[in-house]
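1. Here is a sequence with its predicted model. Questions after.
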Amino acid sequence: MIYLDNAATTRPSDGALARAAHYLTECYYNPSALYHGGAEAARLIRDARGFLLEQIADPALFSLIFTSCGTESDNQAIFSAARRGNAVTTMGEHSAVFESYKELKNRGVETRFAPLNKDASVDVDALLSLVDEKTSLVSVIHVSNETGAVNDIADIARRVKQKNPRAVFMSDGVQAYGKLAFRLTKDIDLYSVSAHKIGALKGTGALLRRKGYSALSAYLHGGGQENGLRSGTENVYGIACFYYAAQEKFASLEKDAARIAAMREQLWSLLDKQLFVRISPEGGSPYILTVSAPGKRGETLQRMLWDLGVAVGTGSACNSKKPHSRVLEACGYDGKILDGVVRVSFCPSNTMEEVQAAARAMNEAARAFGG
Amino acid sequence: MEKVIIIRYAEIHLKGKNRGYFERIFCVNLEKSLKGIRHELRRTSGRYLVAAFADQDADEICSRIARVFGVHSYSVGYRVSNDLDSILEAALVVCPKSGTFKVDTHRADKKYPMTSPQLNAEIGARLLQAHPSLRVDVHAPQGVVYLDIREEGTALVFGTFEEGAGGMPVGTSSKGVLLISGGIDSPVAGYMMAKRGMEVEYLHFHSYPYTNEQARDKVIELARILSRYTLGESITTVKVTHIQEEIHKKCAAELNVTLLRRFMFRIAERIAKKKGAKCLITGESLGQVASQTIEGITSSNAVVTMPVLRPLIGFDKEEIIVRAKKIGTFETSVLPYEDCCTVFLPEFPAIKPKLSFIEEEEKKLDVEALLEEALATAERFSLH
C-alpha cells in the first residue's frame, strides 16, 4: 500500500517503537510510584516534555502538558479561555475547534467566524475586524488540515494583542508540529499538538501554554498529574513514542520539507489537468496536496484508489446530509469541485516512485469513474 | 419455593393436529434465545417454565424471552407445592406491602380440594393478616396475586403479566429472502414476516466503491439486531456496481432505479431458490419513493415468479419508525451512510414507468451476463 493519507494519521516509526518498547514491557511502572521504577518512568516523561517543548518554544516562557489527543488539547484550551464576551475563530478550523465553538455558543458565549481566502487561510483583516474589547479568545489554525495553507500565527497573534491585549490567542498546530520550522512567540498563549501525525501513536497529544497565561483549568480531576491540569495516569509508552518520533522528525525537518515539496509538485505535474484541478496553494505546507476531480466523488475515488494500492484522504463524505467539506465550502468552491475533493498527504518515508505510481492511479481512477 | 419464569404461548394452540410440530419449533427457538445462560426449560401443559437460573440472570432471560415470537406473555414468579402454607409463602413475596390488592386464582387441577373463590378468600385473608395496611379491591386493585394451581401437586404464584412478542414461532411458516438496505423500512418488514413464523434470509446489495464498507457493515449490524428476533444465522451481500454502471451508460436516466430493482429481484429469486426460500420480502410502502408506485411494483414483479411479500405496503413512514424504534433498529438505520451513491440517481426518476418502455430499455443490456457476474460477487457474513 502506498500510504498518502498522512494528514489523517501516520504509520508509527519503527525506530521510535523499538526505543519506546522498554516503557511498555519493562518499565511499565506508574510514574507516581515512589520506588526506582516509578522514578525512571517519571524521568522519561520529564525528558520527553523538555524535548517536545524546546523544539518550538523557549522553555523559560512556555510549558507543556500531555493530553490524550489534539482534540482534548483544543477543548481544554477553548473552554478554559472563553468564558465571557465573545470568541473569535476562522471558518477553516478543524472540527475539534469548530464544534467546540458551537458548544461555546450553547453556553452563552458569542462566537464569531472569520471568512477564508480561496486556499483556506484566514482573511486576516476580516478576522481582526471581529476582535474587540469584549473578545476573550481568538483561535486560528496554524496549518489547514484540508489544504495545507499556513496562517502566519505569529503576525496574527501580535495584531490581535494590539487590538485587545487581554484576549487569549490559541492555535491548533496539529498539522504544523514536526513538519514546519517555527517558534512560538510571546503573543501566543496556547498551542495544541498531536503525536500520531508525526510517526507516534494515537492517544497522545500535548498542549503548550505560555507560562504567563495562568487561566488554564483542568477538565479531568484526580491524581493531580501534569501539575493538576490533567489528572490520569500518564501514557508513558505513548509519550516515549512521541518523544522518539519527534527526535527523528525534528532532526531532518528542513531537509524533509524540501524533499516532500518536490514530491508534491511532481505529483501535481503528473496529474491529468483535464481531470484534476488544484486546491492547495503553491506555498503552504508541502505535506498536503488537495485536488479535485470536478463532478466525480472524492469518497468513491478514495476507495477506487485503495483497491489500486494507494491510500489517500478526502475532503468530503458521500453523505446526503453533509455532502461537502465545510472548510472548502467556505472557500467558495462550487458543488462539482466540492464533490471531487481528494487530499494527498505525505510523510518523509514516501518516495518519488510511490508518488509517480500514485499519480498514475489517480488518473486511472478518475477516468474509470462512473463505468 | 423455586423462582421460575412462566411462558405462555400465543397462537400455537390453534393449530390442532400440528400442535406438536409448532411446539417443538417453539421450544428450539426458546432454547436458542437462552443460549449462554444457565437454565432449564420445562414443559407443563400449556406453559413453559424457565427454572434453575441464577437470580442475577432473571432480567436478561426475560428480555430475551420477550423477543421470541410465539410468546404470548410471561411472568416472573414461584413454583411451590400446592399446600396453603407454601402458596402463602410465595404470595407474600409477590404481594404489595400496602395499597389495594386482590387474589386471582386459576385452577387447572380441578380435583384440588378448594374452589378458586375459596382460595382467593383464604389466601387474601392470610395476606391481610400479614400486612394490616393492605386493603382488598376486586375491581381496580393496585396489585394482583395470581395463583395458578397446576396438576402434579404444584402451584405457580406470580404478580405480573408481561406482554410477549406474539405471533408464531420462527420456522413454522417457511422461509423468505429479505432484501435489506441500510434504511428504516426493510428491517421492519423482516421483523413482521418473522413474527408470522417465517424464517428470514438476509440479502443486501451494495455498489462498492460508490458505496462504502461502513454502509455494508451497518446493514450487517441491522441484520444482527434483527436476528435477535428472527434467529437468522448469516447475511449475503451482492455487488451490483457494474449493473448500475451499465444502466447509467446505456439506458434512459429516468429508469435507472426501476431497472436496477428488476436486477435485484432476479438475483434475489435465484438466491432464494438456492436457499430453499419460497418468497421475497421487501420494505416497500406504497408511494414512499418514485420506485414504490404500483407501476414500479408491477415492473419488479414481472421478472420473478415467487410471491413478493411487502408487509409495510399500507404503512406511513411514521408508523414504520415507531416499529423500528421498538425493534431497536432505528438508531442504526439512521446512521449517515448511503446505501446508493447519488451519482447514479436520476434527477427526475420515472414515477409511472410503462412496462413496454422498461423492457425496451432493458434490451440494451446483456441481462444474463450481468446477473451471472453479480451472483459471482456474493459474500456471506456470519451474524454471530
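-> Yes, it's here. Predicted model only: the values in this text are computed from it and were never measured.

2. drop to CA atoms for contacts and neighbour counts, all remaining ones
-> OK.

3. Let me see the domain layout of chain A.
-> Domains of chain A are assigned by automatic domain parsing as A:2-10+A:253-369, A:14-250.

4. between the ones you listed, which gets the lowest average pLDDT?
-> Among these, domain A:2-10+A:253-369 carries the lowest mean pLDDT, at a mean of 93.

5. what does the stretch 101-250 of chain B put close to chain A?
-> Neighbours of chain A within the stretch 101-250 of chain B, by CA under 8 Å from any CA of the partner chain: B:209-212, B:242, B:245-246, B:249.

6. neighbours around residue B:39, how many?
-> Burial of residue B:39 is recorded as 18 neighbouring residues (other CA atoms under 10 Å in any protein chain shown).

7. ok, the closest residue to it other than its chain neighbours to chain A distance?
-> Spatially, and ignoring its direct neighbours in sequence, residue B:39 is nearest to residue B:53 (4.6 Å; CA to CA, 6 or more residues apart in numbering or on different chains). Plainly put, residue B:53 is 40 Å away from chain A if you go by CA to the nearest CA, to the nearest Å.

8. Neighbours of residue B:53, how many?
-> Counted by other CA under 10 Å, the residues lying close to residue B:53 total 18.

9. phi, psi of it?
-> Backbone torsions of residue B:53, given as degrees, to the nearest 10, read phi -110, psi 160.

10. Quick check on residue 137: phi, psi?
-> Went with chain A since none was named. Phi and psi for residue A:137, reported as degrees, to the nearest 10, are phi -150, psi 140.

11. For residue B:256, find the nearest of the domains of chain A.
-> Among the domains of chain A, the nearest to residue B:256 by CA to CA is domain A:2-10+A:253-369 (17.1 Å).

12. returning to what we had before: export the residues of the stretch 101-250 of chain B next to chain A to TSV and tack on distance to residue A:80?
-> Formatted as TSV, those follow (distance: CA to CA, whole Å):
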residue	distance to residue A:80
B:209	43
B:210	43
B:211	41
B:212	39
B:242	53
B:245	53
B:246	56
B:249	56
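
13. Okay, now the unreliable bits of chain B?
-> B:11-15, B:337-343 (pLDDT under 70).

14. care to break it down by domain?
-> The record assigns chain B these domain ranges, following automatic domain parsing: B:2-163, B:175-382.

15. From start to finish, how long is the first one in a straight line?
-> In terms of CA to CA, to the nearest Å, the two terminal residues of domain B:2-163 are separated by 22 Å.

16. Out of the domains of chain B, which one sits most buried?
-> By mean neighbour count, with neighbours taken as mean count of other CA atoms under 10 Å in any protein chain shown, domain B:175-382 ranks first of the domains of chain B at a mean of 19.

17. how far does that one stretch from start to finish?
-> 18 Å.

18. can you map out the helices along the stretch 51-200 of chain B?
-> Using DSSP state H, counting those that start in this stretch, the helices of the stretch 51-200 of chain B run over B:58-65, B:84-94, B:116-130, B:185-195.

19. Point out the residues in the stretch 151-300 of chain A that sit beside chain B.
-> Remark: the part of the stretch 151-300 of chain A in contact with chain B comprises A:297, A:299-300, using CA under 8 Å from any CA.

20. Let's see that with 10 Å instead.
-> Counting by CA under 10 Å from any CA of the partner chain, the stretch 151-300 of chain A comes close to chain B at A:295-300.

21. Out of those, name the ones that lie in helices.
-> Residues of those located in helices (DSSP state H): A:298-300.

22. So which of those is surrounded by the most neighbours?
-> Scoring these on neighbours with other CA under 10 Å, the highest-scoring entry is residue A:298 at 30 neighbours.

23. thought that residue was touching residue A:313?
-> Yes - assessed by CA atoms under 10 Å, residue A:298 is found in contact with residue A:313 at 8.5 Å.

24. so what sits against both of these two?
-> Common neighbours of residue A:298 and residue A:313 (criterion: CA atoms under 10 Å, 6 or more residues apart in numbering or on different chains): A:341-343.

25. Mark which of those are buried, thanks.
-> A:341-343 (16 or more other CA atoms under 10 Å in any protein chain shown).

26. Which of those fall in strands?
-> Using DSSP state E, the members of these that fall in strands are A:341-343.

27. For residue B:305, give me its contacts.
-> Counting by CA under 10 Å, 6+ apart, residue B:305 touches B:266, B:269, B:279.

28. how about a cut-off of 6 Å?
-> Not one residue lies near residue B:305 by CA atoms under 6 Å, 6 or more residues apart in numbering or on different chains.

29. before we move on, what about residue A:332?
-> Residue A:332 sits in contact with no residue, where contact means CA under 6 Å, 6+ apart.

30. before we move on, what about residue A:296?
-> Contacts of residue A:296 were listed using CA under 6 Å, 6+ apart, and they are residue A:340.

31. how about the spatially most central residue of chain A, what does it touch?
-> In chain A, the residue lying closest to the centroid (CA atoms, centre = their mean) is residue A:174, at 2.2 Å. For residue A:174, the contacting residues are A:193-194, by CA under 6 Å, 6+ apart.

32. and if we set it to 7 Å?
-> Neighbouring residues of residue A:174 by CA atoms under 7 Å, 6 or more residues apart in numbering or on different chains: A:70, A:192-194.

33. out of these, what pair is the most spread apart?
-> Spatial extent of the contacts of residue A:174 (CA to CA) is set by the pair A:192 and A:194 at 7.1 Å.

34. So for the two, which residues contact both of them?
-> Counting by CA under 7 Å, 6+ apart, the residues touching both residue A:192 and residue A:194 are A:70, A:174, A:206.

35. From residue A:47, how far out is the last one?
-> If I follow you right, that is residue A:206. In terms of CA to CA, residue A:206 sits 14 Å off from residue A:47.

36. now do residue A:246
-> For residue A:246, the distance to residue A:47 - CA to CA - is 12 Å.

37. If you count surrounding residues, which of these two has more?
-> Legend: neighbour count by other CA under 10 Å for residue A:246 and residue A:47, higher for residue A:246 (25 against 13).

38. okay, the domains of chain B in a markdown table with distance to residue A:277 next?
-> Output for those, formatted as a markdown table (distance: least, CA to CA, whole Å):
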| stretch | distance to residue A:277 |
| --- | --- |
| domain B:2-163 | 55 |
| domain B:175-382 | 20 |
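
39. Please give me every residue in contact with residue 330.
-> I went with chain A, as the question did not name one. By CA under 7 Å, 6+ apart, the residues touching residue A:330 are A:91, A:116.

40. Chain B was what I was after
-> B:184, B:321, B:324.

41. rerun that using 10 Å as the cut-off
-> For residue B:330, the contact set (CA under 10 Å, 6+ apart) comprises B:183-185, B:187-188, B:222, B:320-324.
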